[in-house]
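>>> here is a sequence together with a model predicted from it:
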Amino acid sequence: MKGKFFWFGGIIVLLMAVGVTIALAEDTVTYYACVNNASGTIFMVEENEACKNNDTLITWNHRGPKGDQGNPGIQGPEGDIGPVGPQGEQGPQGDPGLQGPQGDVGPVGPQGLVGLTGPQGNVGPMGPQGEQGIQGEPCILPEELESLLARVSYLESHLDFDGDGSPLSEDCDDDNPYNYPGAEEVCDGMDNDCDGEIDEGFVLQTWYKDADADSYGDPEDSYTGCPSQGFVNNADDCDDENQYVNPGADEICDGVDNNCDGQIDECSGAGCEAVAHAEVSCVNGECLIISCAVSWYDTNQEYQDGCECQDDYYEPNNGFDQAVDLGVFVDTNNDLVIVNGNIPSESDSDFFTFFAEDSIDAGGTDSFWVSFRLLNLVDFLRYNLFIMNTDTSEIFCVDYQTCVDYPELQLYTFSEDLYVNFSNDSFDIVANQINTSDNSAMFIVEIYPDYWSSFIPGCLDYQFEIANGYYYVWQ
């Protein structure tokens with residue numbers, strides 16, 4: 001390879017004498033040349049060949065190694081749309097579409113011309129002679145026909161098949177004795193007076209089915225026309241299958257709108273039978289007792305019995321401060337009293353007080369004997385006894401059970417000359433026969449239901465006895 005180079009301040013300009021195409025390789029190729037310092041001519045030399053006449057040796061790389069691919073450049077503006085390409089081949093035929101609606105029938109075309117009459121055919125052979133027919137009735141002569149018509153006219157003017165007085169010739173319905181000229185026209189869908197009109201003079205109206213025959217119609221079953229049996233002229237029934245349900249019925253307690261006013265059991269005691277000593281109300285279609293008169297109780301929850309239990313006359317009597325005073329019981333008088341009462345509810349209790357007086361007998365003996373006992377043993381009743389100190393007004397228990405029920409009280413300690421006896425239904429305080437002490441005291445009795453029982457029946461009657469005196473001995 002030989003060419004001419006020009007050296008300008010370190011920049012080499014090479015003018016190739018001949019056009020030589022050098023195949024470029026992927027790797028870098030180093031070229032060697034000598035530059036004549038006087039003329040600037042460059043001569044290519046081999047790698048190890050030395051320059052002559054003190055020419056300058058130069059080298060350069062023809063091509064470096066292939067670098068990494070650069071980042072893509074910014075997309076240029078969209079080019080113009082090219083011309084339309086040639087039409088493609090025709091695609092396969094698609095499925096046939098749905099059939100459209102049938103078109104209107106076209107107008108009738110003009111009538112065609114009448115064809116020419118064809119030639120007359122030959123006469124056919126004569127058929128066989130038929131059999132001789134039956135001889136007919138002789139014809140009615142004019143005078144006989146006139147007589148027959150006269151007889152028919154007579155019959156029409158005299159016959160009356162339904163017996164309503166109008167002959168066949170005048171009656172428009174000779175099968176119905178209620179339809180004839182002069183009859184009263186009624187609204188029944190027929191021409192009653194034979195004037196050619198039906199139900200003239202009547203205004204047709206709407207009629208409603210009355211299936212339960214309570215005179216009130218069903219608004220869902222009606223017709224417009226003349227009245228008929230089983231239909232009425234109102235639509236006021238709210239239940240046409242129940243004759244006891246209509247606007248004229250009384251509201252009763254049954255969960256039904258009896259009087260068709262759109263409300264159910266609207267009156268508090270609607271249709272509820274009155275019962276003794278009770279205020280009643282209809283609740284969810286059932287009559288219930290909602291309250292009792294003063295001193296009356298509904299203990300058995302039976303509606304027909306009402307408030308059947310009347311509290312005893314001791315009320316109010318539910319505490320020490322409301323106790324009923326039974327009076328003074330003197331031992332020398334052998335005083336005794338029987339008390340009757342009842343407990344109408346499990347929240348009730350009755351209190352009684354009495355004063356037992358200890359008097360000294362003339363002979364020096366003491367008959368002080370205070371006794372209490374229940375005369376009817378009721379399973380669901382209990383009693384408590386208390387004794388009051390008359391000097392300090394303190395209340396003490398008399399028996400152990402009372403102290404259990406009233407733990408704030410102390411058990412009363414009797415003097416040595418008193419004898420105390422307890423049983424399930426009785427209590428006794430007995431003084432020694434020879435006793436000079438005064439054991440007079442105020443006693444308190446409480447009767448109450450057994451709160452610990454699993455069942456407390458109502459209106460529990462009780463009876464107890466109190467006595468003071470030595471004469472009394474329990475039987």
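Looks like it arrived, so ask away. Predicted model only: the values in this text are computed from it and were never measured.
>>> contacting residues for residue 298?
278, 289, 292, 305, 306, 307, 308, 309, 458 (CB atoms under 8 Å, 6 or more residues apart in numbering). (Glycine included, C-beta is placed from N, CA and C.)
>>> kindly report the same for residue 464.
Counting by CB under 8 Å, 6+ apart, residue 464 touches 338, 339, 372, 373, 374, 375, 383, 445, 447.
>>> now the helices for this structure?
142-158, 400-405 (DSSP state H).
>>> lowest average pLDDT across the ones you listed?
Per-segment mean pLDDT for the helices of the chain reaches its minimum on helix 400-405, at a mean of 59.
>>> just the closest of the contacts of residue 298 to residue 34, please.
Among those, residue 289 lies closest to residue 34 (CB to CB), at 140.7 Å.
>>> is the closest one in a bridge, and if so with what?
Beta-bridge pairing for residue 289 (DSSP bridges): residue 280.
>>> got it, and residue 41?
If you apply DSSP bridges, the partners that residue 41 bridges to are residue 4.
>>> wait, it touches residue 51, no?
No: Residue 41 is not in contact with residue 51 according to CB atoms under 8 Å; the separation is 11.8 Å.
>>> least confident secondary structure element in this structure?
strand 11-16 (a mean of 39; mean pLDDT, DSSP states H and E).
>>> now do the buried residues in stretch 289-305.
289, 292, 296, 297, 298, 299, 303, 305 (16 or more other CB atoms under 10 Å).
>>> related to what we said a few turns ago, narrow the contacts of residue 464 to those in strands?
Judged by DSSP state E, the subset of the contacts of residue 464 located in strands is 338, 339, 372, 373, 374, 383, 445, 447.
>>> my guess is the fifth one contacts residue 462, does it?
Yes: A contact is recorded between residue 374 and residue 462 when judged using CB under 8 Å, the distance being 6.7 Å.
>>> between these two, which contacts overlap?
residue 381.
>>> rewinding a little: and of the ones in strands among the contacts of residue 464, the nearest to residue 249?
residue 447 (51.1 Å).
>>> burial count for the closest one?
Residue 447 is flanked by 24 other residues according to other CB atoms under 10 Å.
>>> repeat for the one 3 residues further on
For residue 450, the tally of surrounding residues (other CB under 10 Å) stands at 16.
>>> check contacts around it.
379, 380, 381, 382, 456.
>>> from the contacts of residue 298, which single one is nearest residue 265?
residue 289 (16.0 Å).
>>> show the pLDDT at the closest one.
The predicted local confidence for residue 289 is 88.
>>> now residue 185
So, for residue 185, pLDDT stands at 90.
>>> one step back: for residue 108, state which of the contacts of residue 450 is nearest.
The closest of those, once distances to residue 108 are taken by CB to CB, is residue 456, at 104.9 Å.
>>> related to what we said a few turns ago, of the ones in strands among the contacts of residue 464, which is the most crowded?
residue 447 leads the ones in strands among the contacts of residue 464 on contacts (other CB under 10 Å) with 24 neighbours.
>>> so who does the spatially closest residue to it that is not a sequence neighbour touch?
Take residue 447 and drop its neighbours on the chain: the residue closest to it by CB to CB, 6 or more residues apart in numbering is residue 350, 4.7 Å away. Counting by CB under 8 Å, 6+ apart, residue 350 touches 312, 314, 317, 318, 324, 341, 343, 446, 447, 448.
>>> repeat for residue 245
237, 238, 239, 256, 257, 258, 260.
>>> let me know the pLDDT of the fifth one.
Looking back up the chat, that one is residue 257. 90.
>>> what about the closest residue to it other than its chain neighbours, neighbour count?
Nearest residue to residue 257 in three dimensions, chain neighbours excluded: residue 264, at 5.1 Å (CB to CB, 6+ apart). Number of residues near residue 264 (other CB under 10 Å) recorded here: 16.
>>> do the one 10 residues further on as well
Residues lying near residue 274 (other CB under 10 Å) number 9.
>>> for residue 441, see how far away residue 331 is.
Plainly put, residue 331 is 12 Å away from residue 441 if you go by CB to CB, to the nearest Å.
>>> what do you get for residue 371?
Distance from residue 371 to residue 441, by CB to CB: 14 Å.
>>> follow-up on the earlier one: ok, and the most crowded of the contacts of residue 350?
residue 343 (28 neighbours).
>>> report the contact partners of that one.
Contacts for residue 343 (CB under 8 Å, 6+ apart) come out as 349, 350, 381, 447, 448, 449, 459, 460, 462.
>>> looking at those, which are in strands?
Those of these lying in strands (DSSP E): 350, 381, 447, 448, 449, 460, 462.
>>> my read: the last one touches residue 446, true?
Just to be clear, that refers to residue 462. No: the pair residue 462 / residue 446 is not scored as a contact, 11.6 Å apart, by CB under 8 Å.
>>> in the stretch 101-250 of the chain, where is pLDDT below threshold?
Scanning the stretch 101-250 of the chain for pLDDT under 70 picks out 106, 109, 112-118, 121, 123-124, 127, 130, 133, 135-158.
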